[in-house]
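Chemist: coords please:
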Amino acid sequence: MEPLEPQFRVLIVDDDRDLALNLQDILESRGYSASVAATAAEGLEAARRQVFDLAVVDVRLPDMPGTALIEKLILLCPGLESILITGFVSLETAIAAIRQKHIVAYEVKPVDLDRLIAVLEQVARKKRLERELLDVRERERGRIGRELHDGLGQHLTGIALHAQVLCGALKDKKLAEADHAFRIAHMINEAIQEAGRLARGLAPVVLEQRGLKAALEELTSGIETASGVPCRLEWSPDVRDPGQDAAIHVYRLVQEAVNNAAKHAAAKAVRVQVAGDGEGTMIRISDDGVGLPEKASEKGGMGLNIMRYRAGVIGASLELMPNENGGTVVCVRCRRWM
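Modeler: Next comes the predicted model:
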């Protein structure tokens with residue numbers, strides 16, 4: 001059997017205790033981390049303590065329908081997928097399951113455990129592949145960033161030096177073309193600065209050398225310089241820098257949110273806050289721009305979906321909401337870092 005990813009986490013919510021514990025034993029023997037809850041309330045409490053990759057949910061729970069619980073779990077566990085199980089089959093239940101895109105399978109009791117495990121393994125492989133693709137994307141961004149800095153940046157610097165020499169020679173001869181040469185040298189220097197800005201966005205060297213706080217300081221300062229929109233970072237003294245694996249995802253989350261605010265939201269000011277919230281760390285990016293389009297947080301484009309997935313990778317939840325004074329708030333809550 002193919003070894004499963006050790007961090008793959010499963011939540012089982014079923015008031016049939018024997019079934020739930022039996023499934024938990026099987027999953028843990030195969031390398032999963034499995035938690036059991038008998039009610040929707042217990043399931044939600046478990047999801048507040050840690051982020052799950054997949055939920056196995058009984059459609060009829062004592063305190064809430066399983067389909068309703070899944071909707072609530074998704075808010076706490078971005079990227080969660082679910083398997084719905086039931087002791088009976090009705091047309092209404094089947095339709096409700098089909099309509100929920102996060103439900104990957106529908107099993108009828110008595111549950112065929114072999115088939116259920118096969119579905120779980122399929123989801124685990126899919127999640128692992130998604131993480132690998134994200135890692136490949138990050139490595140490629142880093143490679144392009146380094147080539148911009150070390151290749152194009154150095155080449156432009158050489159051209160700028162030649163342009164400055166030419167400008168000086170023409171000026172010494174009091175030729176009118178000296179002004180043109182000066183403008184060319186100035187434009188090349190602007191291109192060097194732009195290439196550097198792009199390289200830092202693609203491959204934040206400061207993140208590796210000095211940590212997340214320094215990288216976010218550089219990011220917010222760069223956004224303010226490039227866009228003219230005041231962008232302020234507030235980092236609470238009680239928050240330490242996370243490890244590199246989490247730091248790159250947090251950096252990309254903030255980068256996407258801040259860029260959206262500065263470029264598309266017509267914001268006059270952007271604020272990035274990093275602070276402990278008692279259970280972990282909260283990153284709050286707020287602006288005073290035009291705000292979210294109706295149902296934007298529910299539908300989401302590619303950028304928002306990638307943000308949600310990045311949040312899930314580091315065990316965080318991501319929420320978009322209107323700012324009380326106008327604009328948008330992006331809130332990322334990390335339960336594994338403070």
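Chemist: only C-alpha atoms for contact and neighbour calcs from this point on.
Modeler: Will do.
Chemist: and the next element down the chain from the lowest-mean-pLDDT helix or strand in the chain?
Modeler: Least confident element among the helices and strands of the chain, by mean pLDDT, DSSP states H and E: helix 296-299 (a mean of 52). Next along the chain after helix 296-299, taking DSSP states H and E as the criterion, comes helix 302-313.
Chemist: In the stretch 51-200 of the chain, mark out all the strands, start to finish.
Modeler: Secondary structure of the stretch 51-200 of the chain by DSSP state E, counting those that start in this stretch: the strands cover 54-58, 81-86, 103-108.
Chemist: any idea how far His102 lies from Val239?
Modeler: 34 Å (CA to CA, to the nearest Å).
Chemist: what do you get for Glu218?
Modeler: Look at Glu218 and Val239: by CA to CA, they are 18 Å apart.
Chemist: Equivalent analysis for Tyr251, please.
Modeler: For Tyr251, the distance to Val239 - CA to CA - is 15 Å.
Chemist: what does Val270 give?
Modeler: When Val270 is compared with Val239 (using CA to CA), they lie 21 Å apart.
Chemist: and the two? which has more neighbours close in?
Modeler: Taking other CA atoms under 10 Å, Val270 and Val239 do not tie; Val270 has more neighbours (26 against 16).
Chemist: Was I right to think the more buried one contacts Pro230?
Modeler: Yes. Counting by CA atoms under 8 Å, Val270 does reach Pro230; the two are 6.2 Å apart.
Chemist: where along this protein do the helices fall?
Modeler: 17-29, 40-49, 66-76, 91-99, 113-147, 153-172, 177-202, 205-210, 212-227, 244-263, 296-299, 302-313 (DSSP state H).
Chemist: Looking at those helices, spot the one closest to Ser286.
Modeler: Set against Ser286 and scored by CA to CA, the helices of the chain come closest in helix 244-263, at 8.3 Å.
Chemist: could you give the mean pLDDT of the closest one?
Modeler: The pLDDT scores in helix 244-263 average 87.
Chemist: Show me what counts as buried in it.
Modeler: Residues 246-255, 257-259, 261-262 are the ones in helix 244-263 that count as buried (16 or more other CA atoms under 10 Å).
Chemist: now stretch 17-26
Modeler: Buried, per 16+ other CA under 10 Å, within stretch 17-26: 20-21, 23-24.
Chemist: any chance of those residues in JSON lines, with pLDDT and distance to Lys126 too?
Modeler: Shown next, in JSON lines, are the buried residues of stretch 17-26 (pLDDT from 0 to 100; distance: CA to CA, whole Å):
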{"residue": "Ala20", "pLDDT": "91", "distance to Lys126": "24"}
{"residue": "Leu21", "pLDDT": "92", "distance to Lys126": "25"}
{"residue": "Leu23", "pLDDT": "89", "distance to Lys126": "21"}
{"residue": "Gln24", "pLDDT": "91", "distance to Lys126": "21"}
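Chemist: of the residues you listed, closest to Arg49?
Modeler: Nearest to Arg49 among the buried residues of stretch 17-26, with distances taken as CA to CA, is Gln24, at 18.2 Å.
Chemist: Run through the stretch 201-338 of the chain and note the low-pLDDT ranges.
Modeler: 203, 293-302, 336-338 (pLDDT under 70).
Chemist: ok, back up a step: show me the one of the helices of the chain that comes nearest Thr281.
Modeler: helix 244-263 (11.0 Å).
Chemist: ok, and for stretch 57-65, which residues are buried?
Modeler: For stretch 57-65, by 16+ other CA under 10 Å, it's 57-61.
Chemist: likewise stretch 178-198?
Modeler: 178, 181-182, 184-185, 188-189, 191-192, 195-198.
Chemist: So which of the buried residues of stretch 57-65 is the closest to Leu76?
Modeler: Nearest to Leu76 among the buried residues of stretch 57-65, with distances taken as CA to CA, is Val57, at 15.4 Å.
Chemist: ok, what's across the strand from that closest one?
Modeler: Beta-bridge pairing of Val57 under DSSP bridges involves Val13, Leu84.
Chemist: was I right about it contacting Ile85?
Modeler: Yes. Using CA under 8 Å, Val57 is in contact with Ile85, at 6.0 Å.
Chemist: Show residues contacting stretch 260-280.
Modeler: 223, 227, 229-236, 238-239, 254, 258, 281-291, 327, 333-338 (CA atoms under 8 Å, 6 or more residues apart in numbering).
Chemist: first to last residue in it, what's the distance?
Modeler: End-to-end distance (CA to CA), stretch 260-280: 26 Å.
Chemist: could you give the mean pLDDT of stretch 49-68?
Modeler: Average pLDDT, stretch 49-68: 88.
Chemist: picking that back up, lowest average confidence across the strands of the stretch 51-200 of the chain, which one?
Modeler: Per-stretch mean pLDDT for the strands of the stretch 51-200 of the chain is lowest at strand 103-108 (a mean of 80).
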